[in-house]
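K.L.:
next come a sequence and a model predicted from it.
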Amino acid sequence: MKSKLVLADYIANHMDVLTEHLVNQTGMAKDDILLGLVRKWLENNVAVLREKPCRIAEWAAQFVERNRALNILTGEAYLCLKALQKSLTERCLGKVEGATDAEILSTMNDNAVRFEQAVVEYFAQRVRQDTVANQRRQKAILESVNMPMALIDDEGGVEMVNKEFCRLLKTSPDMLEGVDLTTLCNEETASRLRSFLRQKRMDQSKTSFQGEISFGTQKIRAEIACQPFFNADGMRTGAAVFIDQNGRDDARVETGIQYLEERLLPLVTLPMQLFDREGNITFSSEQAALFSSMGYDRTEPLCCFLYRRRYGDKRECLCKEAFDSGLFHLDEISLDTQTEIKWFRLVIIPLQDDAGHISRVACCVYDMTHRRQVQKQLESQIINQQRSSLVAQLSITVAHQLRNPLSVVLGFAEMMAKGLAPDQYAEAVSRILRNSLRCKDIVENLLDFGKGMPLERRPVDFEVLIRESVRTLLTPSQNRIIDWRFSGKPAPIECVPEQMSQVVLSLLDNALRMAQRQVVCSVENKGDLIRLRIVDDGPGIPLDLREHVFEPFFTTRREEGATGLGLSLARAVASDYGGSLTVSVPAANEPRGACLVLQLPLMKKQDAGKNEEPAKPVEIKEKLVLVVDDETDLQDLLKTTLYMRGYRADTVATGMEALQKLKENEYSAVVLDYLIKGSLTGQQLYREITEQYPHLVPRVLFITADMLNYQTRLFMESTGRPVLEKPFLMADFIMELNKVMG
């Protein structure tokens with residue numbers, strides 16, 4: 001480790017000279033961009049050697065993009081990177097005191113592997129992006145053609161088809177990709193097509209002939225046109241195949257079936273049924289027979305069977321509403337088959353006859369069980385990785401660093417408690433103090449590590465966010481049972497919009513799953529807070545579970561695949577924004593089920609150019625301090641320290657107790673812990689002080705162990721009040737308190 005640090009110092013101290021030397025060694029045209037890239041490369045090397053955060057991936061992206069812009073092949077760029085590493089190594093050999101040449105070679109080789117891997121990974125990513133973009137362009141060209149069209153290779157294999165081609169054969173693109181098109185033709189058509197593909201010479205002529213193509217039960221007789229493709233050498237590499245049915249009477253399709261084909265069949269291949277309003281099944285695909293093992297006998301539509309198995313008589317199948325409203329429906333349903341929980345997605349599509357009446361409904365069912373299982377496994381893996389990677393490393397490191405000094409503190413404290421010779425007390429106290437300071441330094445280093453950059457937050461209107469980013473993601477059937485109650489007033493908040501949208505969607509998802517017929521979602525302004533209330537008409541949340549529902553991994557729907565993280569993460573996000581998420585009681589005009597309340601702070605208006613006169617200092621007649629902290633031992637420590645320095649102190653554990661004390665006494669200062677238990681948080685208590693006791697605001701001293709939280713730091717900065725981070729020395733505490741009191 002020492003050799004890496006001295007090597008890093010050498011590179012950092014000779015940064016300008018090394019940059020100039022390495023640029024000359026690359027053999028590339030010298031410019032400001034190249035100078036900047038080489039310098040950033042050296043800076044990243046220094047960061048890696050010092051085990052500090054660095055941006056290797058960002059540098060690799062800039063390096064690759066510059067070479068692409070100059071039409072430099074990736075192989076040449078890779079060799080250039082190798083040359084940079086070799087030149088830097090040679091420049092350092094024999095010149096770095098404290099590091100042997102063997103150590104320099106080994107360290108530089110390790111660094112080279114990291115940079116080379118980053119360049120290769122980014123280049124592979126760009127290749128994938130270019131491939132996808134090219135496929136999108138080809139797909140767009142295909143879809144612009146208003147007749148069935150397929151792209152095939154020189155062996156007849158299908159590479160890509162458009163929707164018209166799939167619609168004609170009543171299948172999906174996935175079922176056709178890679179299929180030899182000649183195997184779908186009758187013998188005469190296949191022979192004509194193979195003969196066309198065997199002609200390798202440069203010939204732009206287009207070939208067309210009458211042919212026949214079959215797929216499943218579909219048999220198409222039409223004009224088939226073939227247009228060849230050529231490579232740079234003028235040889236054929238494939239062809240575009242068109243199917244022209246214009247003018248054929250047997251190409252006409254009934255209106256209702258055509259509607260079904262245009263909206264559904266090009267997208268999915270599923271168990272499907274068509275039935276009328278009385279439930280008479282007029283068409284049933286072969287895949288519908290898969291449900292016979294679950295007791296389905298085809299005497300009723302498949303969707304009705306699934307609803308009856310899941311809900312009994314409590315809920316009516318969505319197909320009834322489709323006949324009445326003419327609206328498309330999507331729904332998910334779960335069934336307990338005794339061996340496992342199975343999940344299905346239902347697609348309900350109303351079909352019109354020539355008179356415009358809903359005469360048929362199409363029902364499609366998709367088995368989502370495997371997808372749910374994979375999703376659950378991925379969530380578990382992510383959770384385990386998050387627990388085992390950074391958290392484990394931090395835990396091991398901090399535990400190792402704290403064990404030694406804590407052992408000394410505990411040992412000497414135990415000796416003093418059992419009785420120690422008077423002449424040994426001073427040495428024992430000195431050792432306890434010295435090792436406690438060491439623990440304090442370790443904790444402060446950990447706090448500095450945790451103060452990373454947050455996600456980008458920006459001002460948004462909360463109501464607009466719900467209208468544009470939440471409502472649009474819900475299905476029509478979900479939107480119909482939600483009673484939206486907006487205030488119509490501006491509701492500016494500062495947040496990550498995508499994150500806040502997911503929080504609201506998570507709360508609505510819980511309400512929709514438990515609701516019978518109605519969910520009320522209301523937004524209202526309450527002073528400097530915006531409040532979102534989501535209430536359903538379901539069974540509600542039992543009293544003994546109202547706090548448990550916010551615990552990580554707690555769920556009452558584990559058999560349905562729920563992980564129990566939704567409400568826990570939602571509350572964590574709300575707390576990070578300085579708000580709260582709680583269970584409440586429904587109001588008189590709301591349903592009598594579960595009620596969740598999300599509160600977020602509104603953005604404060606900036607009063608530009610407003611000059612406020614400084615508050616006149618209030619004469620302090622008595623040194624009486626109010627300490628608000630929910631840790632009993634810390635209360636006693638602060639009270640004893642204040643008493644020894646000539647102060648009197650009152651100690652309370654909650655915000656409500658603090659308000660009562662403020663009514664009874666005139667305090668010289670308030671020592672306030674940001675995180676206190678109870679219904680009134682430290683932040684809310686500070687707001688109460690600013691409103692009811694403004695003369696005390698300049699004499700508030702915050703203490704907290706929550707400065708890792710971005711929202712906490714943001715709030716502290718907005719108050720302008722001094723903050724002591726736990727743990728702190730009593731001397732620092734008294735010094736800050738004296739400053740506050742003038």
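P.N.:
Right, received. Where do you want to start?
K.L.:
state the distance from Asp9 to Pro694.
P.N.:
Distance of Asp9 to Pro694, given as CB to CB, to the nearest Å: 53 Å. In short, each C-beta sits where N, CA and C put it, glycine included.
K.L.:
more crowded one of those two?
P.N.:
Each of Asp9 and Pro694 has its neighbours counted (other CB atoms under 10 Å); Asp9 has more, 17 against 10.
K.L.:
so which helix or strand takes in the most centrally placed residue in the chain?
P.N.:
The C-alpha lying nearest the average C-alpha coordinate of the chain belongs to Gln499 (CA atoms, centre = their mean; 7.0 Å). Assessed by DSSP states H and E, Gln499 sits inside helix 497-514.
K.L.:
check Lys139 too.
P.N.:
In this structure, Lys139 sits in helix 101-144 according to DSSP H and E.
K.L.:
what's that helix packed up against?
P.N.:
For helix 101-144, the helices and strands in contact under the criterion 3 or more CB pairs under 8 Å, 6 or more residues apart in numbering; DSSP states H and E are helix 2-13, helix 32-49, helix 56-69, helix 74-92, strand 149-153, strand 158-161.
K.L.:
helices of the stretch 451-600 of the chain, start to end?
P.N.:
Under the criterion DSSP state H, counting those that start in this stretch, the stretch 451-600 of the chain carries helices at the ranges 462-465, 476-481, 497-514, 566-576.
K.L.:
figure out which of those helices is closest to Val723.
P.N.:
Put simply, out of the helices of the stretch 451-600 of the chain the one that sits nearest Val723 is helix 566-576, at 18.0 Å, with distance taken as CB to CB.
K.L.:
to Pro459, which of the helices and strands packed on helix 101-144 lies closest?
P.N.:
helix 56-69 (27.5 Å).
K.L.:
then the closest one to PDB, C-alphas only?
P.N.:
Once side chains and other backbone atoms are set aside, the C-alpha atoms of helix 56-69 remain, and they are given as PDB (Å, rounded to 0.1, in the frame of the first residue of the first chain):
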ATOM      1  CA  ILE A  56     -12.700   5.400 -15.300                       C
ATOM      2  CA  ALA A  57     -15.900   4.600 -17.200                       C
ATOM      3  CA  GLU A  58     -16.500   8.300 -18.000                       C
ATOM      4  CA  TRP A  59     -12.900   8.600 -19.300                       C
ATOM      5  CA  ALA A  60     -13.300   5.500 -21.400                       C
ATOM      6  CA  ALA A  61     -16.400   6.900 -23.000                       C
ATOM      7  CA  GLN A  62     -14.600  10.200 -23.900                       C
ATOM      8  CA  PHE A  63     -11.600   8.300 -25.200                       C
ATOM      9  CA  VAL A  64     -13.600   5.900 -27.500                       C
ATOM     10  CA  GLU A  65     -15.900   8.700 -28.800                       C
ATOM     11  CA  ARG A  66     -12.900  10.900 -29.700                       C
ATOM     12  CA  ASN A  67     -11.400   8.000 -31.700                       C
ATOM     13  CA  ARG A  68     -14.700   7.300 -33.400                       C
ATOM     14  CA  ALA A  69     -15.000  11.000 -34.400                       C
END
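K.L.:
okay, buried residues for that helix please.
P.N.:
For helix 56-69, burial by neighbour count (16 or more other CB atoms under 10 Å) applies to Ile56, Trp59, Ala60, Ala61, Gln62, Phe63, Val64, Arg66, Asn67.
K.L.:
how about these in JSON lines, adding distance to Lys663?
P.N.:
Formatted as JSON lines, the buried residues of helix 56-69 follow (distance: CB to CB, whole Å):
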{"residue": "Ile56", "distance to Lys663": "59"}
{"residue": "Trp59", "distance to Lys663": "60"}
{"residue": "Ala60", "distance to Lys663": "63"}
{"residue": "Ala61", "distance to Lys663": "61"}
{"residue": "Gln62", "distance to Lys663": "62"}
{"residue": "Phe63", "distance to Lys663": "66"}
{"residue": "Val64", "distance to Lys663": "67"}
{"residue": "Arg66", "distance to Lys663": "68"}
{"residue": "Asn67", "distance to Lys663": "71"}
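K.L.:
what is the nearest of the residues you listed to Phe344?
P.N.:
When the buried residues of helix 56-69 are compared against Phe344 (criterion: CB to CB), the nearest one is Ala61, at 42.9 Å.
K.L.:
just confirm the closest one contacts Tyr122, I think it does.
P.N.:
Yes - contact status for Ala61 versus Tyr122: in contact at 5.2 Å, counting by CB atoms under 8 Å.
K.L.:
for the stretch 151-300 of the chain, give me the ranges with low pLDDT.
P.N.:
For the stretch 151-300 of the chain, applying pLDDT under 70 flags the ranges 200-205, 231-236, 246-269.
K.L.:
I'd like to know which helix or strand in the chain has the lowest mean pLDDT.
P.N.:
The helix or strand of the chain with the poorest confidence is helix 255-263; it has a mean of 49 (mean pLDDT, DSSP states H and E).
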